[in-house]
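# Got a predicted model here, sequence first, then my questions.
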Amino acid sequence: MSTINYKLRKKVSLGTRYAILLGWLLFCIMPIIILVMASLKPTSLFQTIPQILSFSGFTLENYTRAFRGGNFMLYFRNSMIISFSALVVVLIVCTPMAYGITRLPSMRQRNIVVFSVLSTRFLPYVVLAMPMFILFRQIGISGTLSGVILAHLAMQMPMIVWLMLGFFSGIPIEVEEAAVIDGCSPWQTFWRIALPMVLPGLNAAAILALIISYNEFLFAFFLAGRGTQPLTVGITRFVGGVDVGAQYGVVAAYGSLIILPIIIFALVVNRYIVSGLTQGAVKG
Amino acid sequence: MSTQRYFRPWSFILPGALLGIVTLGYPVYRAIFYSFHAVTMRRLGEPVFIGFENFTRLFGDHLFVRSIVVTINFTLGTTVFAVVFGLLIASIMSTRGIRGTLKARFFMAFYLVPFVTTQVVTGILGRLYVWQSSYGLVNHLLDRVGISGPSWLTNLDTALFATVFTNGWRMTPLALLIFYAALATIPDELVESAEVDGASTFALWFRIKFPMIRFHLGFVSLIILTSAFREFDVIYGLTGGGPGRSTEVLSILVYRLGVAQGNMGMANAVSVTMLLVISVITIIAVKAGKLGKMSD
Amino acid sequence: MDKFFIDNLRTRVTFAAQTTGNRKGGVLYMTHKHCSMRAVAITLALFLIIVPGVFAGGGQEAAEDQVTIRIGEHPGAHVGPMEDYFIPMYEEMTGINIEMEVLPPDQVWQRFQLDAPDGGWDIGYHSPGWFGYFYEYVADLTPHMDRHDFDPYEHYPEPVINSHMTNELLRPGEIIAFARNPMSPIMAYRQDWFEHPDERSAFQEEYGRELTVPETWDELYEVAVFFTRSAGDTVAGETLEQDLYGYSASVSEPGGMARAFLAVVYSMGLDGFDDDFQTDLDEPLLLEGVEFWTRLIRDTFPEDALTWNFLEHVDFFAEGRLAMSELWPEAVLTAESRSAAGNVGYSTLPVWPGNRKDLPIGRSFLGGGGVLVFDTPNQEHAYDFLHWLLVENAVEFTLRTAMFALEEQFSSDEVLGSQDFYDDFLPVFLAQMEYAFPRQPIAEWGEVMYTPVGQFASDVYYGVESPEAAQQRLVDNMLSVFRREGYID
């Protein structure tokens, strides 16, 4: 075909393009592979890249040490409780909120509410973490899971509302108007008509929120206390080689234990992440 | 439109708004309050009002100014990195023959890995295995092509580059994904007809593709800009703000002042400065990009 | 407006269909009932995941009459033996439940400061200088020691009691902790290289004197430069595969830098501040010290040391890539491993010629720490456990952890016989402890000395500001903190 000839002549060939994409793929996952491979090798500061990547001398020693000395299960439990609690509260509160905003009759009101959501969307987290640190201390919830969860709510709310705004404004209001005329209450209209239509969006928002909470470090670092730290804070204990010499292998094992579940989860629910991340951009 | 009042929108908004006021509004108010007070870690309950003293001390200190410069470099560096590479890969992915295929979906799934990797682990991994001077991946690769790489993280001139690169690695997937989705909406016929008309690649981009993804370019830049501006985790894990304060962005400065040195008043003054900057960026973005029209 | 809305909508719907891969071709075509059920199912599933998680948390709380001792620990060589050996044994012996949590090292004192007022911990840990952060909440051990008929003054070396077990300013007349791993860095060097004839003659030729273990900081600089070599050179007759460095400590900013550089500051005879809160850090001598330190790092340290936080350089030493190394005694087992095993010599830190206090050897940072009991209803049980662990099982504890505090640990034949190098190592350890620098027992020590001095050395090293400006910053910070606390006018 002439277009193909034209393309071959004028443009980069398909093979080259795939090569570039493959290169980028390597660029994306190479550091992760190195971390995982290093975690399976004996603990040592001094491993060259070929040594790390070689398929010999495997050992699980680092993992046993990470489990034993790292309170892995406790921190994992905390990570789960924090992520899911924040997620549930945020979904219960923010989904109706986003719906309400898109159904505001006055343009001016709507703009004001949207702007306040938007302005908190970009808030530097450290601005919140500092006063929360002091506040929680004064009201006696410093170092508790509730404190960290509250902070996660603050972090997640604007993002979820923002995402759901996009999804809700994407459904035609006529259906709901018909429902109202048929005698549905506002709550019924929301639950029966609007919510089902944004379910894919809701999934996307929930999954993104879950990933963000699981990965979150700053708030937990400032606010978590005895027995309530999540995994992201747990790993910092191994950094700095305090535990008799440097244990880079143990750090690698702990790091792998943290990131592998979330990466696998992300690969499985990939399409929801894609729709969640592109929401608000592609349709703007 | 008139039926909308039957939806009772405010009753849906109220719980969220209350939660927002408690978890967002009140801490922000306290941050502003503390920035005008002397508060220390040991005496959190006894703030002493000192007016603008925290701010005058801060702005009189060249280290704070330095930190602002570092933050600007870091933020812009990350944004440029992510947008450039995101656009490059997205444009390759959206070419005919690749776009929409199973292979493309496979690539995209793995391209998201840096974005979902726990940030603090990204930082630690970068420090121990990627940028480490004698055993790290980067210098190993440079060695292969006969260049002896610098010790990235202990050198004032290279540490910020390594930090930007690492954070860029993490943020690029976001840009890549959105650009890909945007480029995919450009109809094939449009591009083909332009090509048949003999448009150069350059003209194709500037006449057709850029105008069509202008909004997305702005949107992606805004998201990455704001998230790089507040980045803490990656830098904390990678350099902790060093060497020689060369990667000490404002978030790290807040941590150093507030937690490491126990001076909460000064730390909150830095926070409030960040708050002002981000407010200005948001207002500009809303005015220029009509982002407030999202809900139309 | 409406037209815009509809157009917009069309793209949205198509896109949603593409990206979510919904087989029915778009969200609009789903039946409402079907979707409500899915929403319910998802919510249910979420709760099913959370609820067991929360209850698993609740389930860990022990029954009411069960005594549970909650220990907050610093990471270290003791963690493994405690978790695997001592705690299970004690639990079985007494039926008491022990929960130990190891905290990230740079957050230990912060955690105790925050949680101690709420009674969150029964047993904690302090390194000298941290005590001020939570001193109000610590139990006096004297009555408990009486209960066990234990007189600490008969069992611990005097400097150890002064540094880790009492605090005359904040808790006068009380015993505040058990010393567990008091220590102060010494110097380790490669004895085999120092004794090698090739090295000795080469050194003699270059510097006109014999190659000896450095006794002054200037000698240390010379010897360190002498041993700093590139890959391909030889050392002690063997060809180097990788670069060799003369001396190192872990000097990441600000903590590592603080610990290592404070050794120089104290070796010069400076105190930071005196009993009247007058500082001596404003003197030109400090600039001399930081100039020397900068030169030493630049010329002889491996560059990676600037990212190392605590003990990484000891690993480097064991690997045969360092000729001399600052050595925290708790890392001695690491130093005596791999290619360095059996070849390590030990020495006290070098002297600073003409120092203010006529010190015969260098001073170093007093570190390690003691274990303390918080003032909780559990304190009796907590003390009993510590007494069992650290006094009754003192020798066993040292055999398993290489941590020393009691006289009987230093002198036990069983301990001395367990490692060949203890005969050389322990006398140096004790000699250095005599000259370790005790931190002034004020709550703000970290705020005026530890963090800012580390930052000062880093800032000068990297040229962030001139040494004079950095010194001014250091002094200003100290004055403003002292004024704030009302120590000075």
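Yep, that arrived.
# Flag every residue of the stretch 201-350 of chain C that's near chain A.
By the rule Cβ under 8 Å from any Cβ of the partner chain, the part of the stretch 201-350 of chain C lying against chain A is C:250, C:252, C:308-312, C:314-316, C:318-319, C:330-331, C:333-334. Every C-beta, even on glycine, is put in place using the N, C-alpha and C of the backbone.
# List the contacts of residue C:393.
Residue C:393 makes contacts with residue C:86, as judged by Cβ atoms under 8 Å, 6 or more residues apart in numbering or on different chains.
# Okay, and the beta partners of residue C:101?
Counting by DSSP bridges, residue C:101 forms beta bridges with residue C:72.
# Please report the distance of it from residue C:68.
Relative to residue C:68, residue C:101 is positioned 12 Å away (Cβ to Cβ, to the nearest Å).
# For residue A:66, which three-state class applies?
Counting by DSSP: H, G, I helix; E, B strand; the rest coil, the backbone at residue A:66 sits in helix.
# Pull the number of nearby residues for it.
27 (other Cβ atoms under 10 Å in any protein chain shown).
# same check, this time on residue A:29
Neighbours of residue A:29 (other Cβ under 10 Å): 17.
# what residues are up against the residue found closest to it once you drop the neighbours it is linked to in the chain?
Using Cβ to Cβ, 6 or more residues apart in numbering or on different chains and skipping residues adjacent in sequence, the residue nearest residue A:29 is residue B:113, 5.5 Å away. By Cβ under 8 Å, 6+ apart, residue B:113 lies in contact with A:28, A:29, A:32, A:263, A:266, A:267, B:173.
# most surrounded residue in these?
Going by other Cβ under 10 Å, residue B:173 tops those with 25 neighbours.
# Next, that one: secondary structure please.
Of the three states, residue B:173 takes helix under three-state DSSP.
# my guess is it contacts residue B:112, does it?
Yes: using Cβ atoms under 8 Å, residue B:173 makes contact with residue B:112 at a distance of 5.0 Å.
# what's the span of stretch C:434-447, first residue to last?
26 Å (Cα to Cα, to the nearest Å).
# And that stretch, what's buried?
C:435, C:436, C:437, C:439, C:440, C:441, C:442, C:443, C:444, C:445, C:446, C:447 (16 or more other Cβ atoms under 10 Å in any protein chain shown).
# Next step: these restricted to helices.
residue C:445 (DSSP state H).
# pLDDT weak spots in the chain?
Let's take chain A. Low-confidence segments of chain A, defined by pLDDT under 70: A:1-12, A:44-46, A:69-70, A:226, A:239-246, A:280-284.
# my bad, the chain I had in mind was chain C
Scanning chain C for pLDDT under 70 picks out C:1-64, C:106.
# Domains in it, by residue range?
C:68-183+C:366-437, C:186-365+C:441-484 (automatic domain parsing).
# And the residue nearest the centre of chain B?
residue B:228 (2.2 Å; Cα atoms, centre = their mean).
# Helix or strand: which one has that residue?
Following DSSP states H and E, one finds residue B:228 within helix B:210-229.
# Report the distance from the helix or strand just after that helix to the chain centre.
Once the chain leaves helix B:210-229, the next helix or strand it forms, by DSSP H and E, is helix B:233-238. Relative to its parent chain, helix B:233-238 has a centroid offset of 13 Å by Cα atoms, centre = their mean, to the nearest Å.
# So which residues make contact with helix B:233-238?
A:215, A:217-218, A:221, A:232, A:239, B:74, B:119-127, B:131, B:153, B:162-163, B:166-167, B:170, B:241, B:247, B:249, B:251-252, B:255.
# Where helices are concerned, which of those count?
A:215, A:218, A:221, A:232, B:74, B:119-125, B:162-163, B:166-167, B:170, B:251-252, B:255.
# doesn't residue A:145 make contact with residue A:220?
No: using Cβ under 8 Å, residue A:220 is not in contact with residue A:145; the gap is 10.1 Å.
# Now for those two: what residues contact both?
residue A:82.
# Can you name the residues of the stretch 51-200 of chain A sitting close to chain C?
Counting by Cβ under 8 Å from any Cβ, the residues of the stretch 51-200 of chain A near chain C are A:68-71, A:74, A:77, A:80-81, A:84-85, A:87-88, A:137, A:140, A:142-143, A:167, A:170-172, A:191-193, A:195-200.
# So among these, which ones count as buried?
A:69-71, A:74, A:77, A:80-81, A:84-85, A:87-88, A:137, A:142-143, A:167, A:170-171, A:191-193, A:195-200.
# filter these by proximity to chain B?
residue A:137.
# quick one, what contacts residue C:162?
Neighbours of residue C:162 in contact, by Cβ under 8 Å, 6+ apart: residue C:438.
# Residue 185: how many residues sit nearby?
Just going to use chain A. Neighbour tally, residue A:185, other Cβ under 10 Å: 13.
# wrong chain, I was asking about chain C
The local packing of residue C:185 (other Cβ under 10 Å) involves 24 other residues.
# how about it, what does it touch?
Going by Cβ under 8 Å, 6+ apart, residue C:185 touches C:249, C:259, C:263, C:326, C:327, C:328, C:329, C:349, C:364, C:365, C:367, C:432.
# May I ask you to confirm that residue B:42 is in contact with residue C:446?
No: when contacts are counted by Cβ under 8 Å, residue B:42 is not listed as touching residue C:446 (11.0 Å).
# ok, which stretches of the stretch 251-400 of chain C are strands?
C:324-327, C:344-347, C:364-365, C:370-373 (DSSP state E, counting those that start in this stretch).
# Dump the ones you listed to TSV, plus distance to residue B:188 and mean neighbour count.
TSV is the format used below for the strands of the stretch 251-400 of chain C (distance: least, Cβ to Cβ, whole Å; neighbours: other Cβ atoms under 10 Å in any protein chain shown):
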stretch	distance to residue B:188	mean neighbour count
strand C:324-327	66	27
strand C:344-347	72	21
strand C:364-365	69	26
strand C:370-373	72	26
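# Check what pLDDT the residue of the stretch 151-296 of chain B at minimum distance from chain C gets.
At 2.4 Å from chain C, residue B:244 is the closest residue in the stretch 151-296 of chain B, using Cβ to the nearest Cβ. Among the per-residue scores, residue B:244 holds a pLDDT of 87.
# Measure how buried residue A:82 is and give me the count.
Applying other Cβ under 10 Å, we find 26 residues neighbouring residue A:82.
# Just the buried residues of stretch C:434-447: which are in strands?
Members of these lying in strands (criterion: DSSP state E): C:436, C:437.
# can you tell me which of the buried residues of stretch C:434-447 are up against chain B?
C:443, C:444, C:447.
# Chain neighbours aside, what residue packs nearest to the residue in chain C that chain B sits nearest to?
Residue nearest to chain B within chain C: residue C:462 (2.4 Å; Cβ to the nearest Cβ). Spatial nearest neighbour of residue C:462, chain neighbours left out: residue B:244 (2.4 Å); criterion: Cβ to Cβ, 6+ apart.
# Ramachandran angles for the one you found?
Per-residue torsions, residue B:244: phi 50, psi 40 (degrees, to the nearest 10).
# now it: how far from chain A?
Computed as Cβ to the nearest Cβ, to the nearest Å, the residue B:244 to chain A distance reads 19 Å.
# ok, and the closest non-adjacent residue to the residue of the stretch 351-489 of chain C found nearest chain A?
The stretch 351-489 of chain C approaches chain A most closely through residue C:402 (8.8 Å), counting by Cβ to the nearest Cβ. With Cβ to Cβ, 6+ apart as the criterion, residue C:402 has its nearest non-adjacent residue at 5.3 Å, and that residue is residue C:333.
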